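Undergrad: Coordinates only, no sequence provided:
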């Protein structure tokens, strides 16, 4: 089964629609089948993005992506530094 990626705009819209409909007393599992996601996915979305707006979520995703890029860059620099130290000692 192919994974389905939800855009931030659609994810926030789905969460808001479910929050409005939860007041009627329908179980969350029924909403999950309508949204075609598991209950665990829904609860993770709700915990992570419950009170956010779509633009806030886009900003969060962009910051997470940049953070990952910077961590990778830092790891590469640390590796380069350790290689240079080895070369400076003459142990190659």
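TA: That came through fine. This one's a predicted model, so the numbers in the text were calculated from it and none came from an experiment.

Undergrad: can you give me how far the strand or helix carrying residue 11 is from the chain middle?
TA: Assigned by DSSP states H and E, residue 11 falls within helix 8-22. Averaging C-alpha positions (Cα atoms, centre = their mean, to the nearest Å) puts helix 8-22 17 Å from its chain's average.

Undergrad: Show residues contacting it.
TA: The list of residues contacting helix 8-22 from outside it, by Cβ atoms under 8 Å, 6 or more residues apart in numbering, reads 6, 28, 31, 35, 42, 45-46, 49-50, 52-54, 57-58, 61. (C-beta placed from N, C-alpha, C; glycine too.)

Undergrad: what is the mean pLDDT for stretch 59-66?
TA: When pLDDT is averaged along stretch 59-66, the result is 90.

Undergrad: now what about it, what contacts it?
TA: Applying Cβ under 8 Å, 6+ apart, the contact partners of stretch 59-66 are 8, 52.
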